[in-house]
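> Here is my input; please provide its structure:
(chains A and B)
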Amino acid sequence: MPPSTPLLTMSAITKTFPGVRALDGVDLEVRTGEVHCLLGQNGAGKSTLIKVLAGAHRPDSGTITWRGERTALTSPIAAMRLGIATIYQELDLVEGLSVADNIHLGHEPTTAGFLVRRKDARASATRLLARLGHPEIDPARLVADLPAAQRQIVSMARALSHDVRLIVMDEPSAALDPDEVDNLFRIVGDLTAEGVAVIHISHRLEEIRRIGDRVTVLKDGRAVAGGLPAKTTPTRDIVALMTGRDTEHTFPPRPSPTAADLPPPVLRVEGLARAGEFTALDLELRPGEIVGIAGLVGSGRSEILETIYGARRPTAGHVLVDGTALRPGSVRSAVRAGIGLAPEERKAQGLLLIETVTRNVSLAALPRLSRAGWVDRAAERAAAQRATREISLRPDNPDAPVRTLSGGNQQKAVLARWLLRGCKVLLLDEPTRGVDVGARAELYAVIRALAAEGLAVLLVSSEVPEVLGLADRVLVLREGTVVHTADARDLDEHRVLDLVMEGSPAA
Amino acid sequence: MTQPATPARRNDPAGPPKTSPPRRGDPRAAPGARADVRTLSLLGVLAALIAVGGLTRPEEFLATSNLQLVLTQASVIGVVTVGMTFVITSGGIDLSVGAIVALSSVWATTVATQEYGFTGILFTAVAVGVGCGLVNGVLIAYGGMVPFIATIAMLASARGLALQITDGKTQIVTVDSVLDLGVKDANILGVPPLVLVFAVVVALGWLLLNRTTFGRRTLAVGGNPEAARLAGIDVRRQRLYLYLLSGLCCGIAAFMLIVLSGSGQNTNGNLYELDAIAAAIIGGTLLSGGRGTIAGSLLGVLIFTTITNIFALNNLESAVQQIAKGAIIVAAVLVQHRTLREGRGT
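Numbering: from 1, shown residues only, chains lettered A, B, ... in the order given. Now for the predicted structure:
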């Protein structure tokens, strides 16, 4: 293979799913030893493209050339044999298996072809984890017992356990802390120095600047630009290619009236605590107000939301809606009182993926849409459509399966459900996780509009700029305790980070 | 440099930029601990049952002959349960086991088969079991049928075919070498041969599930089929193998039943599917797949058989037995849920 031959060339790849043209003639060229960034909004076709590369989807048409030779990636095994390893965004681990078993799943070191050499598997897992800078992960532990960030490391160790020439990483930094992202980029640097190519998918432009060599931008199933220099192409151009807009983050303007003009609080949290997770939380939430919670991984952010919602039972304290205390640890009581939750794990906790938009949206309001147990389907459909149109969920098709929607629109389906149910308090846990730049701005606008209609919103996000940009008031959480409360306009990112790290050793 | 004591928790994907990561040491117990608690509690239940048996019927229950009987009875359903444990661990179900045992046992005891003697009977029993498993597996893995439906269809047809073959009559075995396995003289160091067969099946089953690629794949297919597929595992082939394995176990169990009863009947293996599923679930195998334990299944089977024995010795009706079994299933699963939840700290 002459050095000028690209490692991988995909040309005119198309892939159609029922009702959706996911890939519409995509071209992609990856060179040996480069970090090739793949950018695009959700629904642009990135996930489908990497699944084609992983052998998990077979393209309808188009050609794939690997090291100068035409090839067909007919199965995951075929892709692995060529040396293509994929780290998926939705972590592809088996919870009931140990770390070592997951790393070697499908290619275990064996004696006589079937007896697993457990010592070897464990030793090689230990080696891989150490190479990834995480020697403390015990290869014998069950993946079910690992936190998200460590699972990501296990996924990466699995990719490296193959003899790889190309690693595809789908948003690897989404579940990682900044230190771990640094660590990841160090590993990427080592790999590319060895001649391994990396396809890197990320929503974070600064990452692309840092480690990327070239950029391909996807939009609506087509590559709208290929092989742009990653370091020098202006942000404006990249964002414009992706979205047709030229701003990265757009937050809707805050309404002018201050807290004093707002009606009395709809939600009051008094001394709420859960042993080992968070302590004595006091919080008031007024209709029309967006309150944000900022804090580190493990600071108890999600736990607070879930406890208010009744999904976890508090060890102390009350939650009151309109002055009436909710039954502790009862989701039913919370929902009846008018609290809605858009959970962090949308797909696992929020949606019936194979069901239609209508059925997902109507779920919490069915009693109102039915008589004596019979669902009034016309009313259901009409109500769902009203709710989804109000927040411009796309496609505007009540019969579309939720599975086929993009991340941002799936989140809108969750919001529409609570809109239809007519809730007073909306709890949002990482509302823009896995939602791309363009759709984020739209989601922010929807959330602000809901607040303007009198909803009280409590927002948790791992992205400080998001909390600061969207919320009116911000609670800063450190190790389960609120250490600061302030108007969002009086805080900036540095101040918040100082607060969450106060008392911690400097990073 | 010391890190702040912030245990990393699940459901926390990321922190804000430029901060130190939380410490990774997790105080939770080692992965094996939960399983051990479960196994110990099952052992406790078994010990309690033995105590009850010993107290209510001290003479009969603890007699060597009675213990041999209990273990022998446990052996037949136990072998079926081992196969069932694999199927359930993979996220499937096999409702046809009892019917396959019946069909195998009658096919292996027809006059024509008996002409081929010991080997003929053993081979036929196993071959019919594997054949039925093959049909189940192909329908489920490659025909895309839901395991519940495919195996319920097999249940109906295999029972029907068994009735067809026997015409409702009991087929007496006349091959002495087969019958000899069931008499006292065949005991090895006091252990009936059928119990030894069961012990070997349990040991092999444990090895297969815990030490081989086959076991890893079974757990992966049950725990996260998509992840298994993306890891390059041929999920469909694995599913086929699992129903073959279950069929194989049914064939072995059918042969054991022939030895035990000296006959083949179309009513053999009645409700085995329920007993095997219940024993596996009580043992700690997850009905939704992804977790399986052979040791637990063994204990589940022993618990059930011991109950049956105690009830029989105390002259209680089988109706009462059924009710007690149901209650025990409920109790065991409830207790497990509680220990699981406490073990996870949520």
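
> Report the residue spans of the stretch 151-300 of chain A with pLDDT below the cut-off.
A:174-175, A:203, A:243-249, A:256-261, A:297-298 (pLDDT under 70).

> Tell me where it has helices.
A:178-193, A:205-211, A:235-243 (DSSP state H, counting those that start in this stretch).

> Next one: A:Thr14 from B:Trp107, what distance?
Distance of A:Thr14 to B:Trp107, computed by CB to CB, to the nearest Å: 53 Å. For glycine as for every other residue, the C-beta is placed from the backbone atoms N, C-alpha and C.

> Neighbour count: the two, which is higher?
B:Trp107 (26 against 17; other CB atoms under 10 Å in any protein chain shown).

> Test my guess that the more buried one contacts B:Val126.
No - applying CB atoms under 8 Å as the test, B:Trp107 and B:Val126 come out as separate, 10.8 Å apart.

> check contacts around the most far-flung residue of chain A relative to its centre.
Computed with CA atoms, centre = their mean, the residue of chain A farthest from its C-alpha average is A:Ala112, at 41.9 Å. Residues near A:Ala112 by CB atoms under 8 Å, 6 or more residues apart in numbering or on different chains: none.

> Then A:Ala100?
Applying CB under 8 Å, 6+ apart, the residues contacting A:Ala100 are A:Arg118, A:Ala121, A:Arg122, A:Ser124, A:Ala125, A:Pro139, A:Ala140.

> To which secondary structure element is the residue nearest the centre of chain B assigned?
Geometric centre of chain B, nearest residue: B:Thr81, 1.6 Å, by CA atoms, centre = their mean. Using DSSP states H and E, B:Thr81 maps to helix B:64-89.

> ok, now B:Leu194?
Here B:Leu194 is assigned to helix B:193-211, by DSSP H and E.

> ok, and what's touching that helix?
By CB under 8 Å, 6+ apart, the list of residues contacting helix B:193-211 reads A:115-116, A:118, B:68, B:71-72, B:74-76, B:78-79, B:82, B:85-86, B:89, B:181-182, B:186-188, B:214-215, B:218-219, B:249, B:252, B:256, B:259-260, B:292, B:294-295, B:298.

> before we move on, back to that, so the residue nearest to the centre of chain B sits right up against B:Ala279, yeah?
Yes - B:Thr81 is within contact range of B:Ala279, at 4.8 Å (criterion: CB under 8 Å).

> Spit out the residues that contact those two alike.
B:Ser297, B:Gly300, B:Val301.

> Need the pLDDT of B:Ala312.
On pLDDT, B:Ala312 comes in at 88.

> Residue numbers of the stretch 151-300 of chain B in contact with chain A?
B:211-217, B:219-220, B:222-224, B:226-233, B:286, B:290-291 (CB under 8 Å from any CB of the partner chain).

> so of those residues, which ones are in strands?
Among those, no member falls in strands (criterion: DSSP state E).

> Of those, grab the buried ones for PyMOL.
With 16 or more other CB atoms under 10 Å in any protein chain shown as the criterion, this PyMOL line picks the buried residues out of those:
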select buried, chain B and resi 211+212+213+214+215+216+217+219+220+222+223+224+227+228+229+230+231+232+233+286+290+291
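
> In helices, which of the residues of the stretch 151-300 of chain B next to chain A appear?
B:211, B:213-217, B:219-220, B:222-223, B:226-230 (DSSP state H).

> Going by neighbour count, list what's buried in the helix holding B:Thr81.
For helix B:64-89, using 16+ other CB under 10 Å, the buried residues are B:66-68, B:70-89.

> in the helix holding B:Leu194, what's buried?
Buried, per 16+ other CB under 10 Å, within helix B:193-211: B:193-195, B:197-198, B:201-202, B:205-206, B:208-211.

> cool, stretch B:267-278 as well?
Buried, per 16+ other CB under 10 Å, within stretch B:267-278: B:Asn268, B:Gly269, B:Tyr272, B:Glu273, B:Leu274, B:Asp275, B:Ala276, B:Ile277, B:Ala278.

> How about residue 311: what's its closest non-neighbour residue?
In the absence of a named chain, chain A is used. Nearest-residue entry for A:Ala311: A:Val331, 5.7 Å, with adjacent residues in sequence omitted and distances by CB to CB, 6 or more residues apart in numbering or on different chains.

> Hmm, no, I was thinking of chain B.
Nearest to B:Phe311 is B:Gln321, by CB to CB, 6+ apart, at 4.7 Å.

> other SSEs contacting whichever strand or helix holds that neighbour?
Per DSSP H and E, B:Gln321 falls inside helix B:318-344. Judged by 3 or more CB pairs under 8 Å, 6 or more residues apart in numbering or on different chains; DSSP states H and E, the packing partners of helix B:318-344 are helix B:31-56, helix B:272-283, helix B:294-313.

> residues in contact with A:Gly454?
A:Pro287, A:Gly288, A:Lys424.

> Specify which member of those is nearest to A:Asp60.
A:Lys424 (47.9 Å; CB to CB).

> For chain B, see how far away the closest one is.
25 Å (CB to the nearest CB, to the nearest Å).

> same deal with A:Pro264?
32 Å.

> Which residue is the nearest non-sequential neighbour of residue 270?
Picked chain A for this. Of all residues not flanking A:Glu270 in the chain, A:His318 sits nearest, at 5.0 Å (CB to CB, 6+ apart).

> The intended chain is chain B.
Nearest to B:Asn270 is B:Gly98, by CB to CB, 6+ apart, at 6.0 Å.

> could you give the angle of the host helix or strand of that neighbour to helix B:272-283?
Using DSSP H and E, B:Gly98 maps to helix B:97-107. Relative orientation of helix B:97-107 and helix B:272-283, computed by axes from the mean of the first three to the mean of the last three CA atoms, to 10 degrees: 130 degrees.

> as a whole number, average confidence for helix B:97-107?
97.

> Does the residue nearest to B:Phe311 touch B:Thr306 like I think?
No - using CB under 8 Å, B:Gln321 is not in contact with B:Thr306; the gap is 11.7 Å.

> the more surrounded of these two?
B:Thr306 (23 against 16).

> Can you name the residue of the stretch 51-200 of chain B nearest chain A?
B:Thr89 (8.8 Å; CB to the nearest CB).

> Return the distance of that residue relative to B:Gly78.
16 Å.

> ok, the closest residue to B:Val52 other than its chain neighbours - contacts?
Nearest non-adjacent residue to B:Val52, counting by CB to CB, 6+ apart: B:Ile310, 6.2 Å away. By CB under 8 Å, 6+ apart, B:Ile310 lies in contact with B:Leu49, B:Val52, B:Gly53, B:Thr56, B:Arg57, B:Phe61.

> Measure how buried the closest residue to the third one other than its chain neighbours is and give me the count.
Of all residues not flanking B:Gly53 in the chain, B:Phe61 sits nearest, at 3.9 Å (CB to CB, 6+ apart). Here the number of neighbours of B:Phe61 (other CB under 10 Å) works out to 20.
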